[in-house]
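Undergrad: Sequence isn't available, so here's the structure alone:
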């Protein structure tokens, strides 16, 4: 899926630090390169520095050290070219109140230096299911609709790099799934997407690569599949016909845990290992006369990986 | 130059005025009419001509200046303060536009509105008194220069303000008194010598004096001094705005 090519990165963050007045170090020497066309998820707990990093790239916060280029354009020296390529959907629902949906989206397009293009604005509004609401005042819209308006504003000037800062924070499940659909469509149209989230599920579903940020430091950047593989353990749970009192003797080779009521055995194994040991475990259990009525397996989620990582470094 | 951005901000700000058309046009017309009823008719009938001009006509330039100062400041201050307050400023800060273009959009719109207002007041006034404008071009020059200068001043206030109270405090506590004491309703020459000298510290004196000269050819201070002072204020506000954007003061952390 990921377009790995020799083309220069669309975004290059090099050695960026941010220390706020008062001495709080929000970011510490961040290095990051984003390839054209990928979806990158920046994952981290609240206050980790996700929004600060995005704000620096977009020109809302000044950096203390380091440099950032967008498609080769330095965000300081060549800010016009750099910013023209970026669309930003902020975390907070910061919208105008009295303007119509159409007006506010057209305003954004002009602000980013593009000539009027009603056909493009119409397309953006239709793609986001906002067309019917185009003449509504923003203040009359629901939270989910306002979120769409912010996305429409960010897409109004045809950006190549889109930042979605917590796009699904405070959004209900149905709408969240719709947002994911929107993001997928955007990627198909060739837009590079960087999203921040603390919903691990979101990163897991959407991203090609995942970066984990904690206390202002980028502690890990990895392709999602690789990350899942590397750190991925699987668990096999055997639901027993008859509860047993303890893990039978002679099974110390296997990582087995018995549920407290004795009705299920859980075997933890590495999916990358040459032999998972499942077949032999099954055979030995049968020999012991332990019968089971159901089997289930579970892959450790990104959430578990993430919690482990952040706790490790803390 | 990102002309599309300047136009977008300008249109956005003008649209705001059209949404509140009542407030934007009707209220200055009513308040001007009230001034004429009170100062022009009731009091003015008992006042002699000032510098050869009937009192009702004499106060017209001052009245226009008074509204021009207040409206330029409050329009521009509100225009930039509101996005800061709601958070929509993120879009302005992240857009590919230069500080100059931001100022052109906001200050241009605020100045346009207050100039339109000045002309509306002028038209309203002409219903009450006989008006003559001796130097129409200079009248427009002073109108535009003052509107732009004070819209810049308002823009600075809007950036500085971190609450609605601060937004009001400068126009209310400084500009309105200065306008009233700057000869809106009287000629400085009517004051005792000491207060004439004190009045010369008041920057608004120069604006009103120059503006009145454009109408009637008489002024408290020389027209050259008026023009020079107006340009000095403009330069001062320009300098402050440049500093603000260079440092990101109150806009960026």
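TA: Done, it's in. Keep in mind it's a predicted model, so treat the numbers as computed, not measured.

Undergrad: Who are the contact partners of residue B:24?
TA: By CB atoms under 8 Å, 6 or more residues apart in numbering or on different chains, the contact set of residue B:24 is B:17-18, B:113, B:117. In short, each C-beta sits where N, CA and C put it, glycine included.

Undergrad: would you turn those into a markdown table with distance to chain A, neighbour count and secondary structure?
TA: As requested, those are exported to a markdown table (distance: CB to the nearest CB, whole Å; neighbours: other CB atoms under 10 Å in any protein chain shown; DSSP: H, G, I helix; E, B strand; the rest coil):
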| residue | distance to chain A | neighbour count | secondary structure |
| --- | --- | --- | --- |
| B:17 | 12 | 19 | helix |
| B:18 | 11 | 10 | helix |
| B:113 | 17 | 25 | helix |
| B:117 | 21 | 25 | helix |
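
Undergrad: Take these and lay them out in CSV including pLDDT.
TA: Output for these, formatted as CSV (pLDDT from 0 to 100):
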residue, pLDDT
B:17, 85
B:18, 86
B:113, 93
B:117, 91
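
Undergrad: what residues does the stretch 101-250 of chain A put near chain B?
TA: Contact residues (CB under 8 Å from any CB of the partner chain) of the stretch 101-250 of chain A with chain B: A:103, A:106-115, A:153.

Undergrad: Which pLDDT does the model give the residue of the stretch 1-150 of chain B found nearest chain A?
TA: Using CB to the nearest CB, residue B:8 is the residue of the stretch 1-150 of chain B that sits closest to chain A, at 2.9 Å. We have a pLDDT of 96 for residue B:8.

Undergrad: That one: neighbour count?
TA: Residue B:8: 24 surrounding residues under other CB atoms under 10 Å in any protein chain shown.

Undergrad: before we move on, which element is it in?
TA: If you go by DSSP states H and E, residue B:8 is part of helix B:3-19.

Undergrad: now the residues of the stretch 101-250 of chain A next to chain B as JSON lines including neighbour count and pLDDT?
TA: JSON lines is the format used below for those (neighbours: other CB atoms under 10 Å in any protein chain shown; pLDDT from 0 to 100):
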{"residue": "A:103", "neighbour count": "18", "pLDDT": "96"}
{"residue": "A:106", "neighbour count": "23", "pLDDT": "96"}
{"residue": "A:107", "neighbour count": "22", "pLDDT": "96"}
{"residue": "A:108", "neighbour count": "24", "pLDDT": "97"}
{"residue": "A:109", "neighbour count": "25", "pLDDT": "97"}
{"residue": "A:110", "neighbour count": "25", "pLDDT": "96"}
{"residue": "A:111", "neighbour count": "28", "pLDDT": "96"}
{"residue": "A:112", "neighbour count": "28", "pLDDT": "96"}
{"residue": "A:113", "neighbour count": "21", "pLDDT": "94"}
{"residue": "A:114", "neighbour count": "19", "pLDDT": "95"}
{"residue": "A:115", "neighbour count": "9", "pLDDT": "94"}
{"residue": "A:153", "neighbour count": "27", "pLDDT": "96"}
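
Undergrad: Chain B: which of those residues is nearest?
TA: residue A:110 (2.9 Å).

Undergrad: Which residue, other than its chain neighbours, is closest to residue 52?
TA: The chain I'm using is chain A. Using CB to CB, 6 or more residues apart in numbering or on different chains and skipping the chain neighbours, the partner closest in space to residue A:52 is residue A:26 (4.5 Å).

Undergrad: Chain B is the one I meant
TA: Distances taken as CB to CB, 6+ apart place residue B:218 nearest to residue B:52, at 6.9 Å, with adjacent residues excluded.

Undergrad: And for residue A:102?
TA: Nearest residue to residue A:102, sequence neighbours excluded (CB to CB, 6+ apart): residue A:134, at 4.3 Å.

Undergrad: what about the one you found, distance to chain B?
TA: Per CB to the nearest CB, to the nearest Å, residue A:134 is found 16 Å from chain B.

Undergrad: For that residue, which residues are in contact?
TA: Here residue A:134 is in contact with A:100-102, A:125 (criterion: CB under 8 Å, 6+ apart).

Undergrad: got a list of contacts for stretch A:198-209?
TA: Contacts to stretch A:198-209, defined as CB under 8 Å, 6+ apart, come from residues A:1-2, A:38-41, A:43-46, A:166, A:168, A:176, A:180, A:183-184, A:195, A:197, A:210, A:221-224, A:228, A:301-303, A:306.

Undergrad: Can I get the buried part of those as one PyMOL selection?
TA: This is the PyMOL syntax for the buried subset of these, where burial follows 16 or more other CB atoms under 10 Å in any protein chain shown:
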select buried, chain A and resi 38+39+40+41+43+44+166+168+176+180+183+195+197+210+221+222+223+224+228+302+306
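
Undergrad: wait, what's in contact with the closest residue to residue A:44 other than its chain neighbours?
TA: Spatial nearest neighbour of residue A:44, chain neighbours left out: residue A:213 (3.9 Å); criterion: CB to CB, 6+ apart. Residues in contact with residue A:213 (CB under 8 Å, 6+ apart) are A:42-44, A:48-50, A:53, A:219.

Undergrad: now, which of these sits nearest residue B:150?
TA: residue A:53 (39.8 Å; CB to CB).

Undergrad: State the phi and psi torsions of the residue nearest to residue B:52.
TA: Backbone geometry at residue B:218, expressed as degrees, to the nearest 10, gives phi -120, psi 150.

Undergrad: Just to check, it is in contact with residue B:49?
TA: No. In this structure, residue B:218 is not within contact of residue B:49 by CB atoms under 8 Å, at 11.0 Å.

Undergrad: who's more crowded, the two?
TA: Taking neighbours as other CB under 10 Å, residue B:218 and residue B:49 compare with residue B:218 leading, 16 against 10.

Undergrad: which two from the contacts of residue B:24 end up farthest apart in space?
TA: Of all pairs in those, the most separated under CB to CB is B:18 and B:117 at 13.5 Å.

Undergrad: Is chain A within reach of the lowest-mean-pLDDT helix or strand in chain B?
TA: Across the helices and strands of chain B, mean confidence by mean pLDDT, DSSP states H and E is lowest for helix B:21: a mean of 80. No. Using CB under 8 Å from any CB, helix B:21 stays clear of chain A, with a minimum separation of 13.2 Å.

Undergrad: Next secondary structure after that helix?
TA: Scanning onward from helix B:21 (DSSP H and E), the first element met is helix B:27-35.

Undergrad: where does the chain have low pLDDT?
TA: Picking chain A for this. Residue ranges of chain A with pLDDT under 70: A:1-6, A:230-232, A:272, A:300-303, A:305, A:313-314.

Undergrad: Please enumerate residues in contact with the top helix by length along it?
TA: Longest helix in chain A by number of residues (criterion: DSSP state H): helix A:173-188. Contact with helix A:173-188 is made by A:37, A:39, A:127-128, A:144, A:147, A:151, A:155, A:162, A:164, A:167-168, A:171, A:193, A:195, A:202, A:205-206, as judged by CB under 8 Å, 6+ apart.

Undergrad: which of the residues in that helix are buried?
TA: A:175-176, A:178-180, A:182-183, A:186-187.

Undergrad: Following the chain onward from that helix, which element is next?
TA: Following helix A:173-188 in sequence, per DSSP H and E, is strand A:192-197.

Undergrad: Skipping its backbone neighbours, what lies nearest the closest residue to chain A within the stretch 101-250 of chain B in space?
TA: Among the residues of the stretch 101-250 of chain B, residue B:248 lies closest to chain A, at 6.0 Å counting by CB to the nearest CB. Closest residue to residue B:248 apart from its sequence neighbours, by CB to CB, 6+ apart: residue A:62 at 6.0 Å.

Undergrad: Residue A:298 bridge partners, please.
TA: Here residue A:298 sits in beta bridges with residue A:235, as judged by DSSP bridges.

Undergrad: of the contacts of residue A:134, closest to chain B?
TA: residue A:100 (9.7 Å).
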